[in-house]
Structure formats: C-alpha cells, structure tokens
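Undergrad: below is the structure, and that's it, no one-letter string:
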C-alpha cells in the first residue's frame, strides 16, 4: 500500500501581496535583494544638441552626466551595450532626442565622480564637470572621464520601455583603455566599494 503522505504535497505558501505589487514583493524587499548584487559603476555622458543645428557658430548644448550601475555588454557582433535610465530623467529625455552618448568605466579612485553625478537635486551639470579632467569623444563629442578604466562611445540602436525605466541599447563606435591603474569601482549593499 502506497504511503499517502509521500503522494500529498502541501500547497506552497506565498507571502501576502505587498502594497502596490500584486506579485507579492514590496519595493523594500526588492531593493534589499538586488542590493546583494555587486555592480560596476559607470559615468554616462552626452552633449545636448546645439540650439541651432544649421548654424555652425551656434553655441553647443550643455554636457550632461549621470552615474549608472545598471550597465552591461549585450553583444559582441555587433558590439552592443545596454544602460538602464530612470524614465523621465534628464538623461532619458536627452537620449530620446540625441542618439550619441558615452560611458566611462570608473576606477576605485573615482568614487567622488560617482557620488557627484548621482546626487539628487544637484546643481547644473556644467558645474559638475568644471573640475573633472576629461576629453571629448571624437565620435560623440561627449565627455570621457580622465583616469577611467575604459571608455566607450555609443549610438542608440534601440530604446525599450521597462516599468519605470528605459533600457537604451547602444552600438559601440569606439572603445579605449585610457588607464590601467587600479581596480574597478563597484556598488554593493547601497555603497561604493573597491575589490578586496
């Protein structure tokens, strides 16, 4: 006679739905779980288009920058990368109209840059760039942070709406390794860190 206890499996218990999420996970639970995933830290930059693109003497637009930890390689052939931007953020709005942008992979000694461009309610981006060494990318005109471990210049291939973020997939136009010194800046459990 079969053991009926082995044939009956208790129904799995799921946490009760949290406020705002029918799937059963709260914002706090999701943030806490994802904070255990270590990420590299990059500076995403772009230059606003000139006020009058038909006039070569028109003033250039302002440089814009933001710190990102949701950045990854997507494809080798063609070379594609992806960055996740908060929907409606200044960078999201800019990259909706400006297809050229750049990424600087920050080193462990560039924590101050990451913190500066991650501030909420910050001053104008022009002032944020004022004392940071950078060069302009030849393909994009975007600032590339001096001392970065790697820099990439990109052209947007696709934009995908994903919840409260926009996933921007870019084709890599140039890639360089300006600095071989130091390790990467990482983000883990809500703080910038460096490897062991």
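TA: Great, that's in hand. This is a predicted model, so every value here is computed, not measured.
Undergrad: so where is this structure shaky, pLDDT-wise?
TA: Residues of the chain meeting the criterion pLDDT under 70: 1-23, 34-38, 121-123, 180, 196.
Undergrad: just the helices in it please.
TA: Ranges of helices in the chain, per DSSP state H, are 4-7, 27-34, 90-97, 111-118, 125-129.
Undergrad: ok, residue 124 - contacts?
TA: By CB atoms under 8 Å, 6 or more residues apart in numbering, the contact list for residue 124 reads residue 62. Just so you know, the C-beta spots here come from the backbone N, C-alpha and C atoms, and that holds for glycine as well.
Undergrad: which residue lies nearest the spatial centre of this structure?
TA: Centroid-nearest residue in the chain: residue 68, 2.9 Å away (criterion: CA atoms, centre = their mean).
Undergrad: and that residue, how far from residue 57?
TA: The spacing between residue 68 and residue 57, counted by CB to CB, to the nearest Å, is 34 Å.
Undergrad: picking that back up, quick one: contacts for the residue nearest to the centre of the chain?
TA: Taking CB under 8 Å, 6+ apart, one finds 41-44, 83-85, 103 in contact with residue 68.
Undergrad: now tabulate these in TSV and tack on neighbour count.
TA: Shown next, in TSV, are those (neighbours: other CB atoms under 10 Å):
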residue	neighbour count
41	25
42	28
43	27
44	24
83	24
84	18
85	22
103	25
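Undergrad: now those residues in JSON lines, with distance to residue 97?
TA: Output for those, formatted as JSON lines (distance: CB to CB, whole Å):
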{"residue": "41", "distance to residue 97": "26"}
{"residue": "42", "distance to residue 97": "21"}
{"residue": "43", "distance to residue 97": "20"}
{"residue": "44", "distance to residue 97": "15"}
{"residue": "83", "distance to residue 97": "16"}
{"residue": "84", "distance to residue 97": "19"}
{"residue": "85", "distance to residue 97": "13"}
{"residue": "103", "distance to residue 97": "19"}
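Undergrad: of those, closest to residue 186?
TA: Closest to residue 186 out of those is residue 41 (6.6 Å), distances taken as CB to CB.
Undergrad: what are the phi and psi angles of the closest one?
TA: When read as degrees, to the nearest 10, the backbone of residue 41 gives phi -120, psi 130.
Undergrad: which residue packs closest to it, ignoring adjacent ones?
TA: Nearest non-adjacent residue to residue 41, counting by CB to CB, 6 or more residues apart in numbering: residue 185, 4.4 Å away.
Undergrad: hang on, isn't the one you found packed against residue 115?
TA: No. Using CB atoms under 8 Å, residue 185 is not in contact with residue 115; the gap is 10.2 Å.
Undergrad: same drill for these two, tell me which one is more crowded.
TA: Shown here are residue 185 and residue 115; by other CB atoms under 10 Å, residue 185 has more neighbours (27 against 12).
Undergrad: tell me the bridge partners for the more buried one.
TA: Here residue 185 sits in beta bridges with residue 194, as judged by DSSP bridges.
Undergrad: with that, I have no additional questions.
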